[in-house]
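[1] Quick one, fold the following:
(one chain, ligands or ions: 1)
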Amino acid sequence: MNNIRSTLATVWRIAVPYFRSEDKWAGLGLLTAVIAIELAVVGLSVLFNRWNNTFYNALQDRNLDVFTYQLAYFSVLAAINIALKVYQLYLNQWLQIRWRRWMTERYLGNWLADANHYRMQLQGDAADNPDQRIAEDVKLFVEKTLDIGIGLLSSVVTLVSFVIILWGLSDAAPLHVFGQDIPIPGYLVWGALVYAVIGTALTHYIGAPLMALNFQQQRYEADFRFNLVRARENAEQIALLRGEPVERQRLSTRFALVVGNWIDIMRRTKKLTSFTVSYQQIAIILPYVLVAPAYFAEKVQLGAVMQTADAFGTVQGALSFFVTAYRTLAEWQSGVMRLDGFETAIANVQALTTKADIVHATETGTSDIALSDLTLTLPNGGPMVQTPGFSFRRGERTLFTGPSGSGKSTLFRAIAGIWPFGKGKISIPANAAIMMLPQRPYFPVGTLQDAVAYPAETDAFSPQEVADAVRSVGLPALATRLDEDGHWNRMLSLGEQQRLGVARALLQKPQYLFLDEATASLDEPSEAALYRLLEDKLPGTTIVSIGHRTTLDDLHQRKVSLTRSGDHFALGDAKARTETA
Ligand SMILES: Nc1ncnc2c1ncn2[C@@H]1O[C@H](COP(=O)(O)OP(=O)(O)OP(=O)(O)O)[C@@H](O)[C@H]1O
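    Numbers count the residues shown, from 1 in each chain. This next block holds a predicted model:
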């Protein structure tokens, strides 16, 4: 019971924001229309039920006039029913897509805001496969919430309408056993109720493990897909290393989990289906068994029997909502849990940024990037970098060295404000344009112009500006291919990608440029040429480079390094250079 209550509270929390959003009027309008149509459909089913009585009596009495009239009446009801059902589905689908669009936009916004996506990864497995949660779970949530919500409402309204009818019919066709009338008021209602309660309890008993199994299934499927995508993205590495057999083995192992869990679902579903189908079959015959004695004792006519069978079926169907919807409910609940986990993970990383004992990168009035009492740690709290105070001075070109794994890249991440683990303060000049160039730049799939302009919009720079930048970094052949679509990370050599990274910096003109081995794949003369280009085109830009080559020394004015000091690495000047390189 607590479980149901907490699921419903979660559904409410996830569902309600849409109906308070800027799209609320469209959403509420569509929802009202869909509900109104559902109520009209229930109203029609009451008319159909009455029609049974008149129609079958006409058949029994061989009354052609009434029979013909009732056929025409049925046709009118049927035409209205068809129109209602068509529009109900159509409007329901409209509501689904609008609601889903709103939720997807919201989740995308929260996930991509403020490096949350990166911090969620850092925090470990709190929300696995966010892609699946945003793409599939939102779709499932919207679809199933509407299905279940409207199905439940319809069952309740149907129940109220038909219980009244069935109660009346119980009086008209009293229970007749061994030639005796047994006056139990509303016995048909009680019969349907007892039958449905037993059915629901047994369904829950048999089907309960499906919830957890469905949750696992979605997770295994997403893991399998994710690993396929990874294999595709790293096709070249895998082919060069001849890693296919291992890759295949790993993928097969993951798929075996999908299959194993699916077989558990199948077995459980088989048991559940055996029960629910038997249950539904018995429900067809049960009302006839209950009223047949009265019919054969000639206490009621055929019409009443048929109307009773229809009403009993409807009441029983409404009461058995959980029996029929059980599998949908199980899928829905696991989707709700997944979305809840995703929302919680986002809330956790958002809360992380406001905690006191993290690294705070804040904008201040200084012109240098100043670190004070800074400690960077691993996500598990292990020590990494420490400094009581240090500044990257404005306008200076600094070379930053240190042993592998000492925390150079992590210090860059902290300056960019995306590494929260540790404590202390990093002062960033207010409104400073900071750019980080990694060893392996990221290019979105699209035109070369898109790729170089990123993260700015494509039209932030004219084709001429982009072509000039690409040419100046030594790629004249690419400068003529700016309109070409491609997966540039796959198509270009790492050296070419690094040149394009520098072209990106030339276009963006940052005030502070951090190069994390961003030219390491180039030969030394080309690397030196790119540094001179930066010096020439971005004269006021502060440059901090991580690099291992000694030839970089002459291209920088100051040299700082991380050196081991006990359990951590300390940051300090390695060798001061006063003259310009
Ligand atoms: N997301 C992460 N989760 C756990 N540990 C991490 C994570 N990112 C980095 N580390 C660890 O932090 C330490 C510093 O990593 P970092 O990438 O900053 O080193 P680096 O000095 O730049 O090394 P290199 O010169 O090899 O690039 C390493 O021990 C690394 O394993």
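[2] Show me the strands in the stretch 101-250 of the chain, by range?
    Per DSSP state E, counting those that start in this stretch, the stretch 101-250 of the chain has strands spanning 175-177, 180-182. These are given in chain order.
[3] Mean neighbour count, the ones you listed: which tops it?
    strand 175-177 (a mean of 15; mean count of other C-beta atoms under 10 Å). From N, CA and C alone the C-beta is placed, and that goes for glycine too.
[4] May I have stretch 169-183 exported as PDB, CA atoms only?
    Taking Å, rounded to 0.1, in the frame of the first residue of the first chain, the C-alpha atoms of stretch 169-183 are listed here in PDB:
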ATOM      1  CA  LEU A 169     -31.500  -6.400 -12.800                       C
ATOM      2  CA  SER A 170     -30.800  -8.400  -9.600                       C
ATOM      3  CA  ASP A 171     -34.300  -7.500  -8.500                       C
ATOM      4  CA  ALA A 172     -35.800  -8.300 -11.900                       C
ATOM      5  CA  ALA A 173     -34.100 -11.700 -12.100                       C
ATOM      6  CA  PRO A 174     -33.700 -12.800  -8.500                       C
ATOM      7  CA  LEU A 175     -31.400 -15.700  -7.600                       C
ATOM      8  CA  HIS A 176     -33.300 -18.900  -8.200                       C
ATOM      9  CA  VAL A 177     -31.800 -22.100  -6.700                       C
ATOM     10  CA  PHE A 178     -33.600 -25.500  -6.700                       C
ATOM     11  CA  GLY A 179     -36.900 -23.900  -7.500                       C
ATOM     12  CA  GLN A 180     -36.600 -21.300  -4.700                       C
ATOM     13  CA  ASP A 181     -36.200 -17.600  -5.100                       C
ATOM     14  CA  ILE A 182     -33.400 -16.400  -2.800                       C
ATOM     15  CA  PRO A 183     -33.800 -12.700  -2.200                       C
END
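[5] returning to that earlier point: among the strands of the stretch 101-250 of the chain, which comes closest to residue 498?
    strand 175-177 (87.4 Å; C-beta to C-beta).
[6] how long is stretch 535-546 end to end?
    End-to-end distance of stretch 535-546 (C-alpha to C-alpha, to the nearest Å): 17 Å.
[7] in it, what's buried?
    For stretch 535-546, a neighbour-count test (16 or more other C-beta atoms under 10 Å) marks 538, 541, 542, 543, 544, 545, 546 as buried.
[8] again with stretch 49-61
    If you call a residue buried by 16+ other C-beta under 10 Å, then stretch 49-61 has these buried ones: 49, 51, 52, 53, 54, 55, 56, 57, 58.
[9] Now do the contacts for the second one.
    This points to residue 51. 70, 73, 74, 77 (C-beta atoms under 8 Å, 6 or more residues apart in numbering).
[10] just the third one next, same as before
    Contacts of residue 52 were listed using C-beta under 8 Å, 6+ apart, and they are 303, 306, 307, 310.
[11] burial measure for residue 533, as a count.
    By other C-beta atoms under 10 Å, 18 other residues sit near residue 533.
[12] could we number from 57 for the rest of this?
    With the count now opening at 57, the last piece we talked about shows up as residue 589.
[13] Compute the distance between it and the ligand, please.
    Note on residue 589: its distance to the ligand, by C-beta to the nearest ligand atom, to the nearest Å, is 24 Å.
[14] Over to residue 511?
    Distance of residue 511 to the ligand, given as C-beta to the nearest ligand atom: 22 Å.
[15] Now do stretch 344-354: distance to the chain's middle.
    Remark: stretch 344-354 is offset 55 Å from the chain centroid, using C-alpha atoms, centre = their mean, to the nearest Å.
[16] So which bits of stretch 136-146 are buried?
    Quick answer for stretch 136-146 (16+ other C-beta under 10 Å): 137, 140, 144.
[17] er, stretch 120-131 I mean
    Residues 122, 123, 126 are the ones in stretch 120-131 that count as buried (16+ other C-beta under 10 Å).
[18] now the strands for the protein?
    Here the chain has its strands, by DSSP state E, at 231-233, 236-238, 415-420, 425-433, 439-448, 453-457, 478-485, 490-493, 502-503, 541-542, 568-572, 598-602, 614-621, 624-632.
[19] can you list the residues that contact the fifth one?
    Where contact means C-beta under 8 Å, 6+ apart, the residues beyond strand 439-448 that reach it are 424-434, 454, 462-463, 466-467, 478, 568, 598, 600, 616, 618, 621, 623-628.
[20] which among the residues you listed end up buried?
    Among the contacts of strand 439-448, the ones that count as buried by 16+ other C-beta under 10 Å are 424-427, 430-433, 454, 462-463, 466-467, 478, 568, 598, 600, 616, 618, 624-627.
[21] need the residues of the stretch 407-556 of the chain near the ligand, please.
    When proximity is defined as C-beta under 6 Å from any ligand atom, the stretch 407-556 of the chain approaches the ligand at 434, 435, 440, 458, 460, 461, 462, 463, 464, 465, 466.
[22] before we move on, the earlier item: if we only consider the buried residues of stretch 105-117, which is nearest to the ligand?
    Closest approach between the buried residues of stretch 105-117 and the ligand, by C-beta to the nearest ligand atom: residue 105, at 64.3 Å.
[23] and the longest helix anywhere in the chain, what's its mean pLDDT?
    Using DSSP state H, we find that the single longest helix of the chain is helix 300-352. Across helix 300-352, the average pLDDT comes to 92.
[24] so what does it touch, helix or strand wise?
    The contact analysis (3 or more C-beta pairs under 8 Å, 6 or more residues apart in numbering; DSSP states H and E) places helix 300-352 against strand 231-233, helix 243-263, helix 265-289, helix 358-375, helix 377-380, helix 382-410.
[25] count of neighbours near residue 515?
    By other C-beta under 10 Å, 10 other residues sit near residue 515.
[26] Now do the contacts for it.
    Counting by C-beta under 8 Å, 6+ apart, residue 515 has no contacts.
[27] which of the contacts of residue 108 has the most neighbours?
    That'd be residue 363 among the contacts of residue 108, by other C-beta under 10 Å, with 30 neighbours.
[28] doesn't residue 104 make contact with that one?
    No. Applying C-beta atoms under 8 Å, one finds residue 363 not in contact with residue 104, separated by 9.9 Å.
[29] Quick one: name the residues of the stretch 157-306 of the chain near the ligand.
    So far as C-beta under 6 Å from any ligand atom goes, the stretch 157-306 of the chain lies against the ligand at residue 178.
[30] which stretches of the stretch 157-306 of the chain have low pLDDT?
    181-183 (pLDDT under 70).
[31] What are the phi and psi values at residue 118?
    The phi/psi pair for residue 118 (degrees, to the nearest 10) reads phi 50, psi 40.
[32] From the chain's centroid, how far away is stretch 446-461?
    On C-alpha atoms, centre = their mean, the centre of stretch 446-461 falls 40 Å from that of its chain.
[33] who touches the residue in the stretch 257-406 of the chain that the ligand sits nearest to in this structure?
    Of the stretch 257-406 of the chain, the residue with the smallest distance to the ligand, taken as C-beta to the nearest ligand atom, is residue 405 at 13.5 Å. Contacts here follow C-beta under 8 Å, 6+ apart; on that basis residue 405 touches 172, 175, 176, 179.
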